[in-house]
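next one to model:
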Amino acid sequence: MNDTPDAVDRAEPAAVAGRIAERREQLGLSEDDLAHQAAMAPRYLHYLLEAGPAFDPGGFVRIAAALGLSRGELLEGRADAPPGQGGPGPHPRLLGLTEPECWELIGTHGVGRIALPLQPGPVVVPVNYVVDDRTIAYRTTERGAPAEGTALSFQIDHIDEYLGRGWSVLLLGTAHHVHDPAALHHLVGLPGAIPWAGGDRTSWIRISPDEITGRRLVSD
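Alright, predicted model coming up:
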């Protein structure tokens, strides 16, 4: 997480004020309590929340300390927080994506989520995938592999936390086990073929899509 003057310049006052309010509530502090612990007048704290970190960087260091946060966490949020902490952008709108746009966004490889129809209910797990001739393929353990012909879904997305924009692509298809030696050799050589989770993941599953749809979130 960046703790630099650039981080101060990038910090949106409303987003920082939101993180401060959320943290205050977690700690059971009123705004006056926070002002006291940060050694500043309540009126000045209120002004800082509207003006933003660029007005008084040192004041926000004291606020962060009073909340038990690092300066970087206060300015930019937790590095390991789930996406969407920053909230939507102004006037958000959802736009549909064409199939070619979906494949372009998916790229050649990445990390997505696969939904498997297990019992007692569906299970969603992250996997790193490769794209091969308009199909998705991924590696898993023999135990974790779905049965041949299983109907499943695969979802990939991206969120721009700073701008409040993003996209999501959903693929509905059928699972097929890859056994052909030439096909396996080809898949292993593709970018992103090495499983992030490590371990003995020798089973390759190819998802042949029956339908692919996507949406893009934009804001003014």
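
how close does the closest residue in space to Pro88 that isn't next to it in sequence sit to Pro120?
For Pro88, ignoring the flanking residues on the chain, the nearest one in space by CB to CB, 6 or more residues apart in numbering is Gly164 at 4.9 Å. All C-beta atoms are positioned from the backbone trio N, CA, C, and that covers glycine. Using CB to CB, to the nearest Å, we find Gly164 at a distance of 36 Å from Pro120.

who's more crowded, those two?
Neighbours were counted for Gly164 and for Pro120 using other CB atoms under 10 Å; Gly164 has more, 19 against 5.

do a quick rundown of the strands in the chain.
Assigned by DSSP state E, the strands in the chain fall at 93-97, 109-116, 123-131, 136-140, 151-160, 165-177, 203-218.

what sits against the residue positioned nearest the centre of the chain?
The centroid of the chain falls nearest to Pro83 when counting by CA atoms, centre = their mean (4.1 Å). Residues counted as contacts of Pro83 (CB atoms under 8 Å, 6 or more residues apart in numbering) are Ile159, Glu161, Gly166.

Thr150 reaches Gly173, doesn't it?
No: with contact defined as CB atoms under 8 Å, Thr150 and Gly173 do not form a contacting pair (9.7 Å).

the two: which has the busier surroundings?
Neighbour count, other CB under 10 Å: between Thr150 and Gly173, Gly173 has more, with 19 against 16.

in this protein, which helix has the most residues?
helix 13-27 (DSSP state H).

kindly export that helix (C-alpha atoms) in CSV.
Provided in CSV are the C-alpha atoms of helix 13-27 (Å, rounded to 0.1, in the frame of the first residue of the first chain):
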residue,chain,number,x,y,z
PRO,A,13,-12.3,13.2,0.5
ALA,A,14,-15.7,11.5,0.4
ALA,A,15,-14.1,8.0,0.3
VAL,A,16,-11.7,8.8,3.1
ALA,A,17,-14.5,10.3,5.2
GLY,A,18,-16.6,7.1,4.6
ARG,A,19,-13.7,4.9,5.8
ILE,A,20,-13.3,7.1,8.9
ALA,A,21,-17.1,6.9,9.7
GLU,A,22,-17.1,3.1,9.2
ARG,A,23,-14.1,2.7,11.5
ARG,A,24,-15.6,5.0,14.1
GLU,A,25,-18.7,2.9,14.2
GLN,A,26,-16.6,-0.3,14.6
LEU,A,27,-14.8,1.2,17.5
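
residue furthest from the geometric center of the protein?
Largest separation from the mean C-alpha position in the chain: Ala41, at 37.6 Å (CA atoms, centre = their mean).

what about the nearest residue to that one once chain neighbours are set aside, how many neighbours?
Nearest in space to Ala41, with sequence neighbours left out and distances taken as CB to CB, 6+ apart, is Ala35 at 6.4 Å. Neighbours of Ala35 under the rule other CB under 10 Å: 21.

give the contact list for Ala35.
Counting by CB under 8 Å, 6+ apart, Ala35 makes contact with Ala41, Pro42, Tyr44, Leu45.

and those residues, which are buried?
Listed as buried from the contacts of Ala35 are Leu45; burial here means 16 or more other CB atoms under 10 Å.

now the contacts of Ala35 as a markdown table including pLDDT and distance to Arg71?
Output for the contacts of Ala35, formatted as a markdown table (pLDDT from 0 to 100; distance: CB to CB, whole Å):
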| residue | pLDDT | distance to Arg71 |
| --- | --- | --- |
| Ala41 | 93 | 21 |
| Pro42 | 92 | 22 |
| Tyr44 | 94 | 18 |
| Leu45 | 94 | 16 |
